[in-house]
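Trainee: Return a 3D structure for these sequence lines:
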Amino acid sequence: MLWAVSVSLLCYLVLDSVASLIIVFAWIVAVMVYARLIREILFRFARFFLVVAIVSIVVQGIVRGGATELISFPLFVPLLGGRPLISLEGIRVGALVTLRLLNTASALGVLFLSSSPNQISRSLMKLGLPFKYAILFNMVVRFYPLMASEFTEIQSAQASRAFEVEKGNLYQKFRNFLPILIPTLLSALRKSTGIAITAEMRGLSIKSRRTFIHETWIGWKDAFFILSTLVIILGFLYLKFLGYLS
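Mentor: Residues are numbered from 1 along each chain as shown. Okay, here's the model as predicted:
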């Protein structure tokens, strides 16, 4: 958790150069290789990251102005002929946006694929988070994929009845979306009622010290990983202070 949060903050608040973000990405890939998650994260979502990169670079290259012009409008285009279309500065901004998103998504993917929701919630409680909020976090992580799958099933069921969600203008699409959204919300309410009753029966509302079958402890690997993360972050901050990462 410390590593994932640190990588996200480092990418968005400290680093603003393509080279430094590539170094962070190499660091994340090294962690993926050690955790054996490179196939589950990079290979599985490679097409998505590629589309995001292309769209971001093209959009930023067009929207952002710059002194270094790469592509300009053809001279025969009315009103815009000869004006700059894509600049090198815009492409740089697009690459920055893409790398920040890639690094943050990859770091969070390592966190959630290497640690179960129970482990994360127990760790949060050891850090001082109240029990009810840790359980809430656990439920959100566990039931979000379930609700997303149920939403897809309801959408497929409506489509099998010749119900077209994407038909019409924006207002009609919103109205067509309601027959899918309402059953999903009703199903979520039914599930939440059952979860609340089950939680009360198991005494989750009792204010007492909690014990668990499997306790979470910090081992030497965890301590080494935390220490190395702090050293690398301090190194980035030091290089940033000296101006090498600007």
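Trainee: how near is the nearest residue to Met139 once chain neighbours are set aside to Ser121?
Mentor: Distance criterion Cβ to Cβ, 6 or more residues apart in numbering; nearest residue to Met139, sequence neighbours excluded, is Ile195 at 6.9 Å. For the C-beta atoms, the positions are set from N, CA and C on the backbone; glycine is no exception. Using Cβ to Cβ, to the nearest Å, we find Ile195 at a distance of 15 Å from Ser121.
Trainee: quick one: which of these two has more around it?
Mentor: The neighbour comparison of Ile195 against Ser121 (other Cβ atoms under 10 Å) goes to Ser121, with 24 against 13.
Trainee: Who are the contact partners of that one?
Mentor: 134-135, 137-138 (Cβ atoms under 8 Å, 6 or more residues apart in numbering).
Trainee: Ok, Leu21 next?
Mentor: Counted by Cβ under 8 Å, 6+ apart, Leu21 has contacts 11, 15, 96, 99-100, 103.
Trainee: Downstream of the helix or strand hosting it, the next helix or strand is which one?
Mentor: In this assignment (DSSP states H and E), Leu21 forms part of helix 18-35. Following helix 18-35 in sequence order, the next helix or strand is helix 38 (DSSP H and E).
Trainee: How far away from the center of its chain is that following helix?
Mentor: The chain centre lies 16 Å from the centre of helix 38; the measure is Cα atoms, centre = their mean, to the nearest Å.
Trainee: can you check stretch 109-123 too?
Mentor: Chain-centre distance of stretch 109-123: 14 Å, with Cα atoms, centre = their mean.
Trainee: and if you look at stretch 227-245?
Mentor: Centre-to-centre, stretch 227-245 and its host chain are 24 Å apart (Cα atoms, centre = their mean).
Trainee: Can you mark which positions in it are buried?
Mentor: 229, 232-233, 236, 239-240, 245 (16 or more other Cβ atoms under 10 Å).
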